[in-house]
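Trainee: From the sequence below, what's the structure:
(one chain, ligands or ions: 1)
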Amino acid sequence: MGILKIQPQVAASNTLFDKLYRKEAKIAVVGLGYVGLPLAVHMASKFRVVGFDINQKKIEQIQQQQDPCKELSHLDFIGKDFFATDIKNLLGVAKFYIVAVPTPINNEKQPNLAPLKSATATVAEYLKKGDVVVFESTVYPGCTEEVCVPILEEISGLTYKKDFQVGYSPERINPGDTKHTFTQIKKIVSGSNQEALDVISKVYEEVVTAGIHKAPSIQVAEAAKVVENIQRDVNIGLMNQLSQIFSEIGLNTSEVLEAAGTKWNFHNYYPGLVGGHCIGVDPYYLIHKAAQHNVASDLLKQVRNTNEGMIDFIVSKISKALKIKKPSCNNCKILVKGITFKENVNDIRNSKAAELCLALQRKGYTVIVQDNHAYPSEVKTHYGIELTIATNQHFDAIVLAVDHDNYKKLTYSDYLKNARMDTVFFDIKGDKKDLFPKNVYMSL
Ligand SMILES: NC(=O)c1ccc[n+]([C@@H]2O[C@H](COP(=O)([O-])OP(=O)(O)OC[C@H]3O[C@@H](n4cnc5c(N)ncnc54)[C@H](O)[C@@H]3O)[C@@H](O)[C@H]2O)c1
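Mentor: Predicted coordinates for the structure are as follows:
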């Protein structure tokens, strides 16, 4: 006997989801970066999707089925109902918009909402009655309805909750992580009313294998996202502070954490650099919101300061070690391995490894930097640093700044091609103590 396969009931009804499912209506994804492009391409396995970005160079690459962020392979584009464009008029064909543009901070560490406002204004130009706009960019609670909705209303002339609906669904992808990919991470969804929540839930359920979590409001969904990243910031900040204390009293932090980690309810976090555009940025969004409401956020600010202060701490540890081990060394030479904001990605935005290189340069050291993931031209433009592919030089210190997979494979004898027996090894991740002789190995 054959198995009866139940198909979604789309033929009889004519909701927005039905139209999307039957490909009579399109989804538009605005912003095709680390978040937007994988999202658009996955959505395009079930729906008709148009992707829009203001970066023409990026669009040209995507049209060649290449992901500039290297999160997708050429094969991921095959068979997808997806078209990428920088012509904004083409957004007019959509009924369901998803906005995934950057939400950085400015020099005063305040939210820089310019890209979000501008992308919202673009959507507003094409907004029609019955449309739904979902925001995926990380924001503070309240931002979607306080900042984006008024732009949508003003430019479109339509009325929120009557003519169009809005939702918020934070993105939780972890670049470079091949296990927790878009389809494998539970998606938080929220909507401005039950009808919006229904269509948004159904759309994401079609493509996210891990399922969805319906948040009771847009603000709850917005807050949940920043909290996820704040929790990591705080926990790493605690480890960074402990590392500074233990360093001063002569204890090895990783030995302490290894011992403490044998307790059943100990949470394993490690000291390190907190960079990138999520964990090192999102806490400032909630700090901003707290200030608007005159609520103290001292703990969050303190953690940010501690984590930002790790560069000075590492520079001072390296320079102390060099003074002791190489007292006669003027203009010591340091090799830094890795400059991206984290391992196995090419993203250099807000990279603390890059800031560490610059801080070492300012200290007077000659700093040579290697990274096989980062684009050399981007590194040069953003940080003024020339990447070196291979070098035969011998260095006074080698800093293992970013633990890319190809560095993980290196043995001590590989490192000795660029080192002498007294070269200092500073391992930021701190998991290679068995690789190096104890007298030259340092970590946080
Ligand atoms: N990258 C991540 O790992 C990650 C994870 C979770 C959440 N987020 C959040 O998702 C959002 C997007 O981040 P991202 O890493 O994809 O950024 P990104 O910089 O990689 O991509 C954003 C894209 O938006 C485009 N853009 C900017 N302004 C635009 C506009 N007005 N109209 C159309 N396109 C525009 C840019 O050209 C760029 O291609 C941010 O809020 C970020 O905090 C990122």
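
Trainee: okay, CA-based contacts and neighbour counts for the rest of this
Mentor: Fine.

Trainee: Contact residues of this structure facing the ligand?
Mentor: Residues of the chain lying near the ligand by CA under 6 Å from any ligand atom: 30-36, 52-55, 100-103, 115, 118-119, 137-138, 171-175, 277-278.

Trainee: Of those residues, grab the buried ones for PyMOL.
Mentor: Remark: buried members of the residues of the chain next to the ligand, expressed as a PyMOL selection using 16 or more other CA atoms under 10 Å:
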select buried, resi 30+31+32+33+34+35+36+52+53+100+101+102+103+119+137+138+171+172+173+175+277+278
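
Trainee: Inside strands: which ones of the residues of the chain next to the ligand?
Mentor: Val30, Phe52 (DSSP state E).

Trainee: Could you give the number of residues near Leu358?
Mentor: Counted with other CA atoms under 10 Å, the neighbours of Leu358 add up to 18.

Trainee: can you check Lys202 too?
Mentor: Neighbours of Lys202 using other CA under 10 Å come to 15.

Trainee: Three-state assignment for it, please.
Mentor: What DSSP: H, G, I helix; E, B strand; the rest coil gives for Lys202 is helix.

Trainee: What's the per-residue pLDDT of it here?
Mentor: Looking at Lys202, its pLDDT is 98.

Trainee: And for Gln9?
Mentor: The predicted local confidence for Gln9 is 52.

Trainee: where do the helices sit along the stretch 101-250 of the chain?
Mentor: 114-126, 143, 149-156, 194-207, 218-248 (DSSP state H, counting those that start in this stretch).

Trainee: okay, those in a markdown table with distance to Cys329 next?
Mentor: Listed next are the helices of the stretch 101-250 of the chain as a markdown table, based on distance: least, CA to CA, whole Å:
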| stretch | distance to Cys329 |
| --- | --- |
| helix 114-126 | 48 |
| helix 143 | 53 |
| helix 149-156 | 60 |
| helix 194-207 | 58 |
| helix 218-248 | 24 |
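
Trainee: which strand is the longest one in this structure?
Mentor: When the chain is parsed with DSSP E, its longest strand is strand 419-427.

Trainee: Go ahead and confirm Asp371 touches Leu387.
Mentor: Yes. Using CA atoms under 8 Å, Asp371 is in contact with Leu387, at 6.9 Å.

Trainee: of those two, who's got more company?
Mentor: Neighbour tally, Asp371 and Leu387, criterion other CA under 10 Å: the higher count belongs to Asp371, 23 against 19.

Trainee: where does that one sit relative to the ligand, distance-wise?
Mentor: Distance of Asp371 to the ligand, computed by CA to the nearest ligand atom, to the nearest Å: 19 Å.

Trainee: In space, what's closest to that residue - neighbours in sequence excluded?
Mentor: Gly338 (4.7 Å; CA to CA, 6 or more residues apart in numbering).

Trainee: Tell me how many other residues surround that neighbour.
Mentor: 26.

Trainee: and what of the one 4 residues further on?
Mentor: Neighbourhood size, Lys342 [other CA under 10 Å]: 23.

Trainee: helix, strand or coil for it?
Mentor: Following three-state DSSP, Lys342 is assigned to coil.

Trainee: pretty sure Ala221 is in contact with Ile188, am I right?
Mentor: Yes. Counting by CA under 8 Å, Ala221 touches Ile188, with 6.6 Å between them.

Trainee: who has more neighbours, those two?
Mentor: Ala221 (26 against 22).

Trainee: Give me the distance between the nearest residue to that one once chain neighbours are set aside and the ligand.
Mentor: Spatial nearest neighbour of Ala221, excluding adjacent residues (CA to CA, 6+ apart): Ala215 at 5.8 Å. For Ala215, the distance to the ligand (CA to the nearest ligand atom) stands at 17 Å.

Trainee: Around Ala215, how many other residues sit close by?
Mentor: When neighbours are counted by other CA under 10 Å, Ala215 comes out with 18.

Trainee: give me phi/psi at it?
Mentor: phi -80, psi 150 (degrees, to the nearest 10).

Trainee: Distance check, it against Thr138.
Mentor: 15 Å (CA to CA, to the nearest Å).

Trainee: Could you do Leu435 as well?
Mentor: Taken as CA to CA, the span from Leu435 to Thr138 is 39 Å.

Trainee: Could you do Met43 as well?
Mentor: 20 Å.

Trainee: Mind listing the strands the helix or strand where Tyr97 lies pairs with, and their directions?
Mentor: For Tyr97, the host element (DSSP states H and E) is strand 94-99. Here strand 94-99 is paired, per DSSP bridges, with strand 26-30 (parallel), strand 132-135 (parallel).

Trainee: Just put these in a markdown table and tack on mean pLDDT.
Mentor: What follows is those, written out as a markdown table (pLDDT from 0 to 100):
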| stretch | mean pLDDT |
| --- | --- |
| strand 26-30 | 98 |
| strand 132-135 | 98 |
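
Trainee: out of these, nearest to Tyr412?
Mentor: Nearest to Tyr412 among those is strand 26-30; the distance by CA to CA comes to 46.8 Å.

Trainee: Show me what the closest one is in contact with.
Mentor: Strand 26-30 is contacted from outside by 20, 36, 40, 47-53, 91, 93-101, 119, using CA atoms under 8 Å, 6 or more residues apart in numbering.

Trainee: Distance to Phe82 added to the strands paired with strand 94-99, as TSV?
Mentor: Converted to TSV, those look like this (distance: least, CA to CA, whole Å):
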stretch	distance to Phe82
strand 26-30	10
strand 132-135	18
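
Trainee: Of all the ones you listed, which one comes closest to Phe77?
Mentor: Closest among the strands paired with strand 94-99, once you apply CA to CA, is strand 26-30, at 15.3 Å.

Trainee: and the angle from the closest one to helix 114-126?
Mentor: Angle, strand 26-30 to helix 114-126, by axes from the mean of the first three to the mean of the last three CA atoms, to 10 degrees: 150 degrees.

Trainee: Figure out how far strand 26-30 is from the centre of its chain.
Mentor: Centre-to-centre, strand 26-30 and its host chain are 21 Å apart (CA atoms, centre = their mean, to the nearest Å).

Trainee: Give the buried residues for that strand.
Mentor: If you call a residue buried by 16+ other CA under 10 Å, then strand 26-30 has these buried ones: Lys26, Ile27, Ala28, Val29, Val30.
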